[in-house]
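>>> Let me see the structure of the following:
(chains A and B)
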Amino acid sequence: MTLPLFLAAAVEHAAKPGIPERFGLEPKYIVMQVISFLIVLFVLYKFGIKPVTATMEERTRKISAGIRYAEEMQAKLAAAQQESATIVKKANVEATRIVDDARKTSKDFLDKQTQEATVKSADLLAKAQQAIELEHKKMLADARSEIARLVVTTTERVLAKKLSDADRAAYNEAAGRELTHV
Amino acid sequence: MASGKKQTQQLARQFFKLSIVDGTLSADRVAGVLQYIEKHRPPRALAVLKAYQRLVAAEFARGQAVVEHAGAVSPSVLAGIAAAMTKKYQRPVASVARPAPALLAGLRVRVGDDVYESSVAGQLATLARSV
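Modelled structure (predicted):
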């Protein structure tokens, strides 16, 4: 039942004018238009699309390079920051160690100086005491010598006045007896 | 120079030996030596005489005990000292008294370079040194 319908429609369709006839299409025009289009397309591609594409590719390449450079720079910056942080940390540790060493050295130096000052002061004190003792002994010896000299001088004067000739003669006799037994 | 001085000393010693008789200094020999020197005039006569004088003076001092004293000293004491020194030095030693008031009391005997003392001044000096 369907086939007859199709056949009828085909007959009807074949009987009617085609679309090219209805729209006035001519193959030669179509070919000329295609050729014209191809020429236009070639010209556009040669002088329009191709340079634009090249420029866009160049820009794309530059942008990519820029991005890659920026990424590298960012990585380097991060590495530099990390390295600087490491250096700062290390410097802090070193500074702390140096400060500790300096404190320890200063403390040792202070202790040493204190000890030396103590020893020197003790030495000076001992020497001063010795000097005082020596001075005291010398003063006593000088006083003793002076007193002895005064006593002897006074005794000599007293004896020179008080000794009588008889006393001297008796002493001489005793001295003579003593000297004959030397 | 040194050789001349040595010769002078040797000559003076020879003259001095000639002046000793029996271990004592002889006045006659000394006079003879002096006459010889005056007559013959040996080289460096003055230096020889000085050296001879020193030797004679030393020998004279060795034979003499100078007894310094303060106050009177009896002849018996002087004789005792002379005898003691003669015995000690094994040669004749004569004592000669010489006053020395600085001794205050006591005696000081010098025989040559040796000194023996028993005096108040000496004891006071010893006391002063010991204090």
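
>>> For A:S64, see how far away A:M73 is.
The spacing between A:M73 and A:S64, counted by CB to CB, to the nearest Å, is 14 Å. Placement of C-beta: from N, CA and C, glycine included.

>>> what does A:Q129 give?
Separation of A:Q129 from A:S64 (CB to CB): 94 Å.

>>> likewise B:A94?
On the measure of CB to CB, B:A94 and A:S64 end up 146 Å apart.

>>> Now the element after the lowest-mean-pLDDT helix or strand in chain A, going C-ward?
The weakest-scoring helix or strand in chain A, judged by mean pLDDT, DSSP states H and E, is helix A:2-15 (a mean of 62). Moving toward the C-terminus from helix A:2-15, the first helix or strand encountered (DSSP states H and E) is helix A:19-23.

>>> And for that following helix, what's in contact with it?
For helix A:19-23, the external contacting residues (CB atoms under 8 Å, 6 or more residues apart in numbering or on different chains) are A:L25, A:E26.

>>> For chain A, what's its nearest residue on chain B.
Closest contact between chain B and chain A, by CB to the nearest CB, is at B:G71 (2.4 Å).

>>> Report how many residues lie close to that residue.
B:G71 has 21 neighbouring residues, counting by other CB atoms under 10 Å in any protein chain shown.

>>> swap in A:L41?
Considering only other CB under 10 Å, A:L41 is surrounded by 11 other residues.

>>> What of B:Q53?
For B:Q53, the neighbour count with other CB under 10 Å is 13.

>>> where does it land on pLDDT?
On pLDDT, B:Q53 comes in at 93.

>>> got the CA coordinates for the helix or strand containing it in CSV?
B:Q53 belongs to helix B:45-62 when assigned by DSSP H and E. C-alpha atoms of helix B:45-62 as CSV (Å, rounded to 0.1, in the frame of the first residue of the first chain):
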residue,chain,number,x,y,z
ALA,B,45,168.6,52.3,95.3
LEU,B,46,165.7,54.3,96.7
ALA,B,47,163.2,51.6,95.9
VAL,B,48,165.5,49.0,97.5
LEU,B,49,165.8,51.1,100.6
LYS,B,50,162.0,51.5,100.9
ALA,B,51,161.5,47.7,100.5
TYR,B,52,164.3,47.0,103.0
GLN,B,53,162.7,49.5,105.4
ARG,B,54,159.4,47.7,105.2
LEU,B,55,160.9,44.4,105.9
VAL,B,56,162.9,45.7,108.8
ALA,B,57,159.9,47.5,110.2
ALA,B,58,157.8,44.4,110.0
GLU,B,59,160.5,42.3,111.6
PHE,B,60,160.9,44.9,114.3
ALA,B,61,157.2,44.9,114.9
ARG,B,62,157.2,41.1,115.1
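
>>> Please identify the residues of chain B in proximity to chain A?
Counting by CB under 8 Å from any CB of the partner chain, the residues of chain B close to chain A are B:69-74, B:76-78, B:80-81, B:83-84, B:88, B:101, B:104-107, B:109, B:116, B:118-121, B:124-125, B:127-128, B:131.

>>> try 6 Å
B:69-73, B:77, B:80-81, B:84, B:104-107, B:109, B:116, B:118, B:124, B:128, B:131 (CB under 6 Å from any CB of the partner chain).

>>> Give me every residue in chain A lying close to chain B.
Taking CB under 6 Å from any CB, the part of chain A that reaches chain B is made up of A:144, A:148, A:152, A:155, A:159-160, A:163, A:165, A:168-169, A:171-172, A:175-176, A:178-180, A:182.

>>> for chain A, what's the longest helix?
If you go by DSSP state H, chain A has its longest helix at helix A:50-162.

>>> Check which helices and strands it sits against.
Judged by 3 or more CB pairs under 6 Å, 6 or more residues apart in numbering or on different chains; DSSP states H and E, helix A:50-162 is in contact with helix B:120-130.

>>> Show the residue spans covered by the helices in chain B.
Using DSSP H, helices in chain B cover B:2-18, B:27-40, B:45-62, B:75-89, B:120-130.

>>> Adding distance to A:T105, write these out as CSV.
Converted to CSV, the helices of chain B look like this (distance: least, CB to CB, whole Å):
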stretch, distance to A:T105
helix B:2-18, 73
helix B:27-40, 92
helix B:45-62, 80
helix B:75-89, 82
helix B:120-130, 62
